[in-house]
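1. Mind folding the following:
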Amino acid sequence: QGLLAPSDEVAGAEIRAIFDKLYDGIFIHTVDGLIRDMNLRAQEMYQVDLASACALSITTDFSSPENPLDALPRIWKQVLQGEPQFMEWLARRPGDGSLFEAEIYLQMISLRGENLIMACVRDISQRKRAERTTRCMYNISNAASTAENLDELYATIHGVLQKASPVPNFQLALVDTAKDRLDFPYFQDEVDTLPSIENISDPEVKSLTLTVLRTGKPLFITKPEFHARRVEDAPVDTDVVGTMPEVWLGVPLKAQDTVIGVMSVQDYHNQDRFSQDDVSFMVSVSEQVAMAIERNKDRQALTMSRE
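-> Numbering: from 1, shown residues only. Reported below is the predicted structural model:
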């Protein structure tokens, strides 16, 4: 029943109902990180039931190792000395190991003669994603005006995205309509080097990038999903040029409703490296990337015409 279960059965049920209806996730744990209780919101947030959670540790099971875990004993000691603490934290779901960004407010409470720590947890992942997207869009827009040339712009775009989410394998593909070709003016990849794709108007020429280019829609696909397409009876609508990664994500680059290219990322090691949140992020910044490329091209063309 958890720690919040007074001997009075009616009072206990009422307190428990209030505890479980709070908006924030609530943990009650000892100074050693042993969980004594948690409300339903915390159980939903971390995807774990109370009985399982009480056998786990706040430090090792509910926190990403990227956090400064060695600082927790000092922080908890300050809380027990009557000094509430507030921090941003990378929380971990113990079941699948997935992470989310959280705000955590810690304060001391006394229950049944024992001093404990109450941690109020709020999932701020959505807010953080919005902040990163806005920051990326601003920096990419600024790069369109400050980059000396297209090569510098491409590298800057990659650098901006790297700060939001590490993407070592990153490609920008642009259409050359006159030559019926898809060029890769920026291609950072740990495995392959990729030449241009010729005859892109020929429907028999296929690739993941061309699928995005032709449909004008994002494509998020894992290696098993790709192979499943290959064995189905339906006609194969795509193919892989080079090495098939564990996961591939590409989004169209659109300028004035015209698809001018594709921006893509991939991972050769971890099938779960990207999620639907990454698809949303890539789509959100793709228009700004396309605009930045077009603006820089126009500026260079104007400069060349004056020379």
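2. What is the longest helix anywhere in the chain packed up against?
-> With secondary structure taken from DSSP state H, the chain has its longest helix at helix 276-306. Applying 3 or more Cβ pairs under 8 Å, 6 or more residues apart in numbering; DSSP states H and E, one finds that helix 276-306 makes contact with helix 125-146, helix 150-164, strand 170-176, strand 247-255, strand 258-267. All C-beta spots, glycine's among them, are computed from the backbone N, C-alpha and C.
3. Export those to CSV and append columns for mean pLDDT.
-> Shown next, in CSV, are the helices and strands packed on helix 276-306 (pLDDT from 0 to 100):
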stretch, mean pLDDT
helix 125-146, 90
helix 150-164, 92
strand 170-176, 95
strand 247-255, 95
strand 258-267, 95
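4. I'd like the ones you listed as a markdown table, with distance to T222 and mean neighbour count appended.
-> Below are these laid out as a markdown table (distance: least, Cβ to Cβ, whole Å; neighbours: other Cβ atoms under 10 Å):
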| stretch | distance to T222 | mean neighbour count |
| --- | --- | --- |
| helix 125-146 | 22 | 15 |
| helix 150-164 | 21 | 18 |
| strand 170-176 | 18 | 20 |
| strand 247-255 | 5 | 23 |
| strand 258-267 | 10 | 22 |
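5. export these to TSV and tack on distance to Y105?
-> Formatted as TSV, the helices and strands packed on helix 276-306 follow (distance: least, Cβ to Cβ, whole Å):
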stretch	distance to Y105
helix 125-146	16
helix 150-164	26
strand 170-176	37
strand 247-255	35
strand 258-267	35
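6. dump the residue contacts of D267.
-> The neighbours of D267, taking Cβ atoms under 8 Å, 6 or more residues apart in numbering as the test, are 169, 245-247, 273-274.
7. quick one: average confidence on stretch 102-118?
-> Mean pLDDT, stretch 102-118: 93.
8. Report the buried residues of it.
-> For stretch 102-118, the buried set under the neighbour-count rule, 16 or more other Cβ atoms under 10 Å, comprises 102-104, 106, 108, 116-118.
9. So which of these sit within strands?
-> Using DSSP state E, the members of those that fall in strands are 102-104, 106, 108, 116-118.
10. Tell me the one among these nearest to Y186.
-> A102 (34.8 Å; Cβ to Cβ).
11. so that closest one sits right up against Q126, yeah?
-> No: judged on Cβ atoms under 8 Å, A102 makes no contact with Q126 at a distance of 11.6 Å.
12. okay, the contacts of D267 in CSV with distance to T211 next?
-> Formatted as CSV, those follow (distance: Cβ to Cβ, whole Å):
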residue, distance to T211
N169, 18
P245, 15
E246, 18
V247, 15
R273, 20
F274, 17
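13. Need the worst-confidence member of the residues you listed.
-> The pLDDT minimum for the contacts of D267 sits at R273, where the score is 87.
14. Nearest residue to that residue in space, please, no chain neighbours.
-> Leaving aside its chain neighbours, R273 sits nearest to D267 (3.8 Å; criterion: Cβ to Cβ, 6 or more residues apart in numbering).
15. What's the mean pLDDT across the helix or strand hosting I221?
-> Assigned by DSSP states H and E, I221 belongs to strand 219-222. Averaged over strand 219-222, pLDDT sits at 93.
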